[in-house]
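> I would like to see how this sequence folds:
(one chain, ligands or ions: 1)
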Amino acid sequence: MKRSSWTKSLAMCCMALLLSTYTQAQEHVNGQLWMDTDGQHINAHGGNIIQYNNTYYWYGENRPYSGGSTETGISVYSSADLKTWKNEGVALATSQEAGHDIERGCIMERPKVLYNPKTKKFVMLFHLELKGRGYEAARVAFAVSDSPTGPFQFLRSQRIHANQWPFDMDERAIKAAQQTDASQWKEWWNDAWRKEVNKGMYLWRDMKGGQMSRDMTVYVDDDGKAYHITSSQENLTLLVSELTDDYLNFTGKYNMVAPGGQNEAPCIFKHNGTYWLICSGCTGWSPNEARMFSAKSIWGPWKQHPSPFVGTATGYQNMPANKTFGAQGTYIYQMNGKPIFMADIWNPRHLSQSLHLWLPIEFDANDVPVIRWADKW
Ligand code: GAL
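Got it, this is the predicted structure:
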């Protein structure tokens, strides 16, 4: 071989090598820490992604290395390609003021940010637990910002729908709920108790003070209307609630999904006119089998399907599909029209080190979602 062709081949080899390293760095590798541009694991858990002016923003819980409460606040990262993420700092900071709703040491979970094109504001909703009260406050909180990276201004936290019945509950059903009495039931999980739950026992118990709101997500429909979906009634029942046009409040219209079904970590997307809701069961930080529902309207009726997860997490401790590959969903992001299931592999001892799991959602011959493990994609 002539010298010039040697040089050419060498150059081509180098190019190929460079290109493969580049490709590798540009892939989503599941089951490993995901580094930001500072070489730190991305500390944004239970969150979501939005796109604004050709930049992607990823919001999530900023978790400490040890402990379960929120010290810092809600993180925000930016990216031009959804692969390389720059830490943009704290979007919403905890307060130093004693007694403040978001006093340092509270618990801020599952933040979701929406851009409102009408008001040109970024609106954040999240699950808030007040400092020192475990998970009993069960509130949703609102914050707002003019810029995607914040600082977000905390607006308020609240229980939801005080003195409001689900819009589709008829008089007979309301009467039946009004005859229940939650204070009577010292023992849970038996058939008689379940019957009362299905009548709306916890809905009635919390009618005055407002309904509980824990794990939550938000969804903006094609017509611009936004919805809040939350785990309520002692995590037994999901509520879907319509938000006002500025996304800063509830209109008061809401209904229940799968009463008594114990669904958490709701994630939702629409595909070919069908709404798909993927949730987890209620086992805290431990993984469980995902549940899936579909409906032709956001207000249901919802039909339950088997979990969409199939196979084994071969690249991650061989976690099976019936444990959602060790993860719990947080959001479904439409990446150029392709839905991506975003989830957290929780590490309860070191929550900041919880892993991110992103998997593309595929569809079977009947257009039903299927989620397979992929080491990288
Ligand atoms: C999970 C929930 C998480 C967090 C955790 C606390 O069920 O999805 O967001 O609240 O419980 O144990």
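> any weak-confidence spans in the protein?
1-26 (pLDDT under 70).
> what's the burial count for the one residue in it that gets nearest to the ligand?
Relative to the ligand, the nearest point of the chain is G284 (3.7 Å; Cβ to the nearest ligand atom). C-beta here means a position set from N, CA and C on the backbone, and glycine is covered the same way. Using other Cβ atoms under 10 Å, G284 is surrounded by 11 other residues.
> likewise for D364?
Applying other Cβ under 10 Å, I find that D364 has 10 neighbouring residues.
> chain neighbours aside, what residue packs nearest to it?
Excluding its sequence neighbours, the residue lying closest to D364 (Cβ to Cβ, 6 or more residues apart in numbering) is V370, at 5.3 Å.
> then L243?
Once flanking residues are discounted, L243 sits nearest to A226: 4.3 Å by Cβ to Cβ, 6+ apart.
> I'd assumed Y219 was in contact with the one you found.
Yes: between A226 and Y219 there is a contact at 6.9 Å, judged by Cβ atoms under 8 Å.
> between the two, which one's more packed in?
Y219 (23 against 19).
> enumerate the beta-bridge partners assigned to R139.
Applying DSSP bridges to R139 gives these bridge partners: L128.
> I340 too?
Here I340 sits in beta bridges with Y333, P360, as judged by DSSP bridges.
> just checking, it touches L359?
Yes: I340 lies in contact with L359 (Cβ under 8 Å); the separation is 7.0 Å.
> which residue ranges of the stretch 51-200 of the chain form strands?
Taking DSSP state E, counting those that start in this stretch as the test, the strands found in the stretch 51-200 of the chain are 55-62, 73-79, 86-93, 107-116, 121-129, 139-145, 153-158.
> and the last one, what other elements does it pack with?
In terms of contact count using 3 or more Cβ pairs under 8 Å, 6 or more residues apart in numbering; DSSP states H and E, strand 153-158 is assigned the packing partners strand 139-145.
> the strand it packs on close to the ligand?
No: contact of strand 139-145 with the ligand (Cβ under 6 Å from any ligand atom) is absent, the minimum separation being 13.0 Å.
> ok, and for that strand, which residues are buried?
For strand 139-145, burial by neighbour count (16 or more other Cβ atoms under 10 Å) applies to R139, V140, A141, F142, A143, V144, S145.
> now tell me what touches that strand from outside.
91-92, 101-102, 108, 121-130, 151-160, 213, 216, 228, 230, 248-249 (Cβ atoms under 8 Å, 6 or more residues apart in numbering).
> with adjacent residues omitted, what lies nearest to the residue of the chain closest to the ligand?
P348 (7.8 Å).
> again with N318
That would be T312: by Cβ to Cβ, 6+ apart, it lies 5.3 Å from N318.
> now swap in G260 and tell me
V197 (4.7 Å).
> ranges for the strands of the stretch 251-377 of the chain?
264-271, 274-280, 291-295, 303-305, 309-310, 312-313, 319-320, 328-335, 338-345, 355-360, 362-363, 369-372.
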